[in-house]
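1. I'll drop the sequence and a predicted model, then ask my questions.
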Amino acid sequence: MPVPGWSDGLKKNRIFIIGGARSGKSSYGVALAMKLGKRVAYIATAEPPELRDDEEMKRRIQRHRAHRPKGVTTIEEPIDLSGALKGAQKNHDCIVIDCLTLWLSNLLGRGGAGWRKKTTEFLKTIRSMKKQVVIISNEVGMGVVPANRGARNFRDIIGGLNQAVASESDKVIMMVSGIPVVIKGK
């Protein structure tokens, strides 16, 4: 996938890609990372398929794995995102995180205890990163208000996390039907 809008050089440290489901976030993020660094790490936050009972999600994860370019190092880490980032920066020029929405879902799905500490730690880690980081998340605030309290709570928490990541990012791109729209940065 082409990466338009990068005539300002490829020296951005933190790039946040946000959009709806199936908007092209992952493929765009990986294509961008391949332009930003020779050694790319992809941190997948979905629970590994062998730990899931959900056959449809297993197929989704397998498709994501199959579409990653050769030479991209995949790190599957559903909980310790800060640890995975710190480890990945040792041997990689650019790190893709895909995605914050699944990561937060994993944290909350394990009882919810500690999510504030983990998200605060994550924000501190991305602030300290010396390598290129491409962070991907879902925009969940543009739809209807969820009918149940748990879904509204999740929407509110991921919305706050997305805002914090956007404020820490040098560039923010919203994906709309496969088209990148720069909403922060040149």
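-> Arrived safely, thanks for sending.

2. from here on, contacts and neighbour counts on C-alpha atoms
-> Fine.

3. Buried residues, the lowest-mean-pLDDT helix or strand in the chain. List them.
-> When each helix and strand of the chain is scored by mean pLDDT, DSSP states H and E, helix 55-67 comes last, with a mean of 78. By neighbour count with 16 or more other Cα atoms under 10 Å, helix 55-67 contains the buried residues 58, 61.

4. Stretch 115-122 now?
-> Of all the residues in stretch 115-122, those buried under the rule 16+ other Cα under 10 Å are 115, 118-119, 121-122.

5. so for it, what's the average pLDDT?
-> The pLDDT scores in stretch 115-122 average 94.

6. And the contacts of that stretch?
-> Here stretch 115-122 makes contact (Cα atoms under 8 Å, 6 or more residues apart in numbering) with 80-82, 104, 107-108, 161.

7. Format the residues you listed as TSV; extra columns: pLDDT, neighbour count and secondary structure.
-> What follows is those, written out as TSV (pLDDT from 0 to 100; neighbours: other Cα atoms under 10 Å; DSSP: H, G, I helix; E, B strand; the rest coil):
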residue	pLDDT	neighbour count	secondary structure
D80	95	15	coil
L81	97	22	helix
S82	97	19	helix
L104	95	22	helix
L107	92	19	helix
L108	90	14	helix
L161	97	20	helix
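
8. Adding distance to S167, write those out as JSON lines.
-> Converted to JSON lines, the contacts of stretch 115-122 look like this (distance: Cα to Cα, whole Å):
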{"residue": "D80", "distance to S167": "22"}
{"residue": "L81", "distance to S167": "19"}
{"residue": "S82", "distance to S167": "18"}
{"residue": "L104", "distance to S167": "18"}
{"residue": "L107", "distance to S167": "22"}
{"residue": "L108", "distance to S167": "23"}
{"residue": "L161", "distance to S167": "10"}
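
9. ok, those vs E168, which is closest?
-> For the contacts of stretch 115-122, the minimum distance to E168 (Cα to Cα) is 10.7 Å, reached by L161.

10. Can you give me every residue that contacts the closest one?
-> With Cα under 8 Å, 6+ apart, L161 has these contacts: T119.

11. circling back to that earlier point, so which of the buried residues of stretch 115-122 are in helices?
-> Judged by DSSP state H, the subset of the buried residues of stretch 115-122 located in helices is 115, 118-119, 121-122.

12. what about the residue nearest to V145 when sequence neighbours are not counted, neighbour count?
-> The shortest distance from V145 to any non-neighbouring residue, by Cα to Cα, 6 or more residues apart in numbering, is to R152 (7.0 Å). By the measure other Cα atoms under 10 Å, the count of residues near R152 is 13.
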